[in-house]
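Undergrad: Give me the fold of what follows.
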Amino acid sequence: MPVIAASGVRAVRMGEQSVASTHGPSGATYVESVLPLGDYPRTMIDWLRRWAAEVPERVFLADRGEDGAWRKVTFAQALARARSIAQYLLDRKLSAERPVVILSGNSVEHGLIALGAMMAGVPFAPVSPAYSLVSKDHAKLRHIFSLLTPGLVFAADGRPFEAALRSVMNDDIGLVVARQPVGGLASDSFEAMTATVATDAVDAADAAVDPDQPAKFLFTSGSTGMPKAVINTQRMMTCNQLMILSAMAFLADEPPVLVDWLPWNHTAGGNHNFGIALSNGGTLYIDDGAPTPGGIDKTVRNLTEIAPTMYFNVPKGYEMLTEHLGRNAALRERFFSKLKLMQYAGASLAKHVWDALETHAIATTGEKVLIVTGYGSTETAPFAFTTTWPVNQPGEVGLPAPALKIKLVPNAEKLEVRLKGPSITPGYWRQPDKTAECFDEEGYYMIGDALRFVDPADVSKGFMFDGRVTEDFKLSTGTWVNMAGVRGSIVSAFAPYVRDVVLTGLDRNHIGALLFLDVDATLRLAPEVPVADEKHLAHHPAVRLHFQDRLDALARKSTGSSNLVARVIILDRPPSIDAHEITDKGSINQRAVMQTRAKLVEDLYTDPAPLHVLVANRKG
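TA: Modelled structure (predicted):
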């Protein structure tokens, strides 16, 4: 297998990738890896048993306790506690019809319950804490409970979840808390779960697990904003880990060490990263930080103590981290000391952030660290595509994993990508209509995205992400607007002050945009504005003047109506989770924003333009 060590990049053993393509009679192109995937375990618990036998004292999971010290659980301890939890779940006669719902975020307890549930053959569903703690009406949480009919709920700290629990609990649902039980709601303690004496019934249940039955449910929002329960099977998760290993061959060379905050109610954190530690006998330090002003200091503290061998984050997280890397020598030394690879996902990594990461790596170690990205979704477990080579342009997603078959279907001016293989979900729990909508006549999952060839003459060069096939639109002139391209140009032009963008213009005369502020960055333009006063900030003269300059500069680069952003509005209130404007992942629901802010959309096309609308000036 090749070792990446070119152009001053730290040597790291990456896997080979090789694909072949054929053309179908309907105009579709089929692409698949020519490399075998190999054998994978029946369940994720097989890996837990292996490492508990081979390296029983190695730390598997760790998180910060209430005293700030690391709470550590070895592989042997994890196996023993998972067995007790499995017995507890079996005693309660839980099943796919009455699964476990986990309301709180990443923690040692969360991880152990997940393992115990998989051992017992009882599906579990990690739910975004935002549905309980941010939402005011708990509508999405009630929808989830109605869909799943859970038999048990876990919350690490009961009291913060009290309002949410009271809105969904009934006498048929058990409750377990690790701390702070809720008055008036009967509950067991987490200690009681782990004190349960495991019997042979646990081993029998584990042996009876069907790798193609639901193992967990992960929620993703549709166009209406109401979550769908994506079925995740053991086969999806175990084969996906072998797919990851086929690309990141270095994982077999030494136990990986992760310092990771990505939430386990998302597939990236809960499947990809948790699975990497479990399947490769590694250690996962649960980062209690986040890419927020209040969370980044915790991440810095953790990364100053623990040196990761690989690191995952979203672009905003890397952006905030680079600011600390630039002024914290101890952080730089520790972070880069053992690091073999950095991966990002969720959005494109801005060039100034990419350059900063490489600059800090070179200054600290004398060489770059490989930066890669990939492509996948909750329905693909998630690993589907990745690069195994250094890339020099945003949006490059690489080649498909072994055992995945890719179908590229012409759709308007794009190539719609569809996927088939053992890591693809069988569908959505108790929503057969939604399942039927997402698979074509050949059984390929229709993810709704478009890809394009890096080099149409050489498929081995991989693919570029080309946006959503349903997002592009035509202006009233019949001119097509590439949603992903224009949105990316706006985010880049207004960086770091814009968090997200909603484009308008379908059947209109020009492109308009609604801009969601990155409040923390924008406060630098008007530091006298109170932190919580987003309305004042959006209308501040200094902010508007700066945004006008950025808009004019962007307009001067445009080549015509297909990419000229003619008018924008700086939004003065954040997206609402209850109005379905934002998912718990932080992604924007374009349709919901335009519906709830219809008056502002009309303002973008009113003549003369209202005062709160910024109008582009292309004259220098």
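
Undergrad: Tell me how far residue 410 lies from residue 483.
TA: 18 Å (CB to CB, to the nearest Å). (C-beta placed from N, C-alpha, C; glycine too.)

Undergrad: quick one: which of the two has more around it?
TA: When neighbours are counted by other CB atoms under 10 Å, residue 410 and residue 483 differ, and residue 483 comes out ahead with 20 against 12.

Undergrad: Out of the helices and strands in this protein, which is least certain?
TA: For the chain, using mean pLDDT, DSSP states H and E, the weakest element among its helices and strands is strand 3-4, scoring a mean of 66.

Undergrad: Could you tell me which residues make contact with residue 190?
TA: 109, 154, 156, 176, 177, 178 (CB atoms under 8 Å, 6 or more residues apart in numbering).

Undergrad: Relative to the helix or strand following the least confident helix or strand of the chain, what are the paired strands and their orientations?
TA: The first helix or strand that comes after strand 3-4 along the chain, using DSSP states H and E, is strand 12-13. Sheet pairing of strand 12-13 (DSSP bridges) gives strand 3-4 (antiparallel).

Undergrad: quick one: low-confidence ranges for the protein?
TA: Scanning the chain for pLDDT under 70 picks out 1-6, 222-225, 346-347, 585, 620.

Undergrad: any idea how it splits into domains?
TA: For the chain, automatic domain parsing gives the domain ranges 73-210, 473-615.

Undergrad: Now distance to residue 453 too, for these, in CSV please.
TA: CSV is the format used below for the domains of the chain (distance: least, CB to CB, whole Å):
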stretch, distance to residue 453
domain 73-210, 36
domain 473-615, 16
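
Undergrad: ranking these by burial, who's on top?
TA: Mean neighbours per residue, mean count of other CB atoms under 10 Å, is largest over those for domain 73-210, with a mean of 20.

Undergrad: ends of it, how far apart?
TA: Distance between the two ends of domain 73-210: 28 Å, counting by CA to CA, to the nearest Å.

Undergrad: sec struct for the nearest residue to residue 186 once chain neighbours are set aside, please.
TA: Leaving aside its chain neighbours, residue 186 sits nearest to residue 175 (6.8 Å; criterion: CB to CB, 6 or more residues apart in numbering). The three-state label given to residue 175 by DSSP: H, G, I helix; E, B strand; the rest coil is strand.

Undergrad: quick one: contacts for residue 175?
TA: 152, 153, 154, 155, 158, 165, 169, 182, 185, 186, 187, 188.

Undergrad: What of residue 522?
TA: Contacts for residue 522 (CB under 8 Å, 6+ apart) come out as 497, 537, 543.

Undergrad: can I assume the last one is in contact with residue 570?
TA: Looking back up the chat, that one is residue 543. Yes. Judged on CB atoms under 8 Å, residue 543 makes contact with residue 570 at a distance of 7.0 Å.

Undergrad: Kindly reformat the contacts of residue 522 as a markdown table containing secondary structure.
TA: Shown next, in a markdown table, are those (three-state DSSP):
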| residue | secondary structure |
| --- | --- |
| 497 | coil |
| 537 | helix |
| 543 | helix |
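
Undergrad: For residue 384, identify the helix or strand it belongs to.
TA: strand 383-386.

Undergrad: Pairing partners for that strand, with directions?
TA: Applying DSSP bridges to the sheet, strand 383-386 is found paired with strand 370-376 (antiparallel), strand 396-400 (antiparallel).

Undergrad: nearest to residue 319, of the ones you listed?
TA: Proximity to residue 319, assessed across the strands paired with strand 383-386 by CB to CB, is greatest for strand 370-376 (13.6 Å).

Undergrad: What sits closest to residue 121 if chain neighbours are left out?
TA: Residue 121's closest residue in space is residue 209 (CB to CB, 6+ apart), at 4.5 Å.

Undergrad: ok, now residue 277?
TA: residue 284 is the one closest to residue 277 (CB to CB, 6+ apart), at 3.9 Å.

Undergrad: Distance from the chain centre to the helix or strand that neighbour falls within, please.
TA: Taking DSSP H and E as the definition, residue 284 sits inside strand 283-286. Centre-to-centre, strand 283-286 and its host chain are 18 Å apart (CA atoms, centre = their mean, to the nearest Å).

Undergrad: Same question for stretch 113-126.
TA: For stretch 113-126, the distance to the chain centre is 21 Å (CA atoms, centre = their mean).

Undergrad: what about it, how long is it end to end?
TA: End residues of stretch 113-126 are separated by 10 Å (CA to CA).

Undergrad: Kindly report the same for stretch 261-274.
TA: Start to finish, the residues bounding stretch 261-274 are 11 Å apart (CA to CA).

Undergrad: Would you mark the buried spots in that stretch?
TA: 261-274 (16 or more other CB atoms under 10 Å).

Undergrad: Put together a markdown table for these, with secondary structure on each row.
TA: Shown next, in a markdown table, are those (three-state DSSP):
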| residue | secondary structure |
| --- | --- |
| 261 | coil |
| 262 | coil |
| 263 | coil |
| 264 | coil |
| 265 | coil |
| 266 | coil |
| 267 | helix |
| 268 | helix |
| 269 | helix |
| 270 | helix |
| 271 | helix |
| 272 | helix |
| 273 | helix |
| 274 | helix |
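
Undergrad: Now flag whichever of the residues you listed is closest to residue 51.
TA: residue 274 (13.7 Å).

Undergrad: so that closest one makes contact with residue 264?
TA: Yes. Applying CB under 8 Å as the test, residue 274 and residue 264 come out as touching, 6.2 Å apart.

Undergrad: Now for these two: what residues contact both?
TA: Common neighbours of residue 274 and residue 264 (CB under 8 Å, 6+ apart) are 111, 114.

Undergrad: Quick check, central residue of this protein?
TA: By CA atoms, centre = their mean, the chain has its centre lying nearest to residue 268, at 4.8 Å.

Undergrad: if I read this right, that one contacts residue 381, doesn't it?
TA: No. Assessed by CB under 8 Å, residue 268 is found out of contact with residue 381, at 10.6 Å.

Undergrad: which element follows the host helix or strand of residue 317 toward the C-terminus?
TA: Secondary structure assigned from DSSP H and E places residue 317 in helix 315-325. Using DSSP H and E, the helix or strand that follows helix 315-325 towards the C-terminus is helix 329-337.

Undergrad: Check which helices and strands the following helix or strand past that next one sits against.
TA: Using DSSP H and E, the next helix or strand after helix 329-337 towards the C-terminus is strand 341-344. Judged by 3 or more CB pairs under 8 Å, 6 or more residues apart in numbering; DSSP states H and E, strand 341-344 is in contact with strand 310-313, helix 315-325, strand 370-376.

Undergrad: on that earlier part again, with distance to residue 577 added, can I get the buried residues of stretch 261-274 in JSON lines?
TA: JSON lines is the format used below for the buried residues of stretch 261-274 (distance: CB to CB, whole Å):
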{"residue": "261", "distance to residue 577": "20"}
{"residue": "262", "distance to residue 577": "19"}
{"residue": "263", "distance to residue 577": "15"}
{"residue": "264", "distance to residue 577": "19"}
{"residue": "265", "distance to residue 577": "14"}
{"residue": "266", "distance to residue 577": "15"}
{"residue": "267", "distance to residue 577": "19"}
{"residue": "268", "distance to residue 577": "20"}
{"residue": "269", "distance to residue 577": "19"}
{"residue": "270", "distance to residue 577": "20"}
{"residue": "271", "distance to residue 577": "23"}
{"residue": "272", "distance to residue 577": "24"}
{"residue": "273", "distance to residue 577": "24"}
{"residue": "274", "distance to residue 577": "25"}
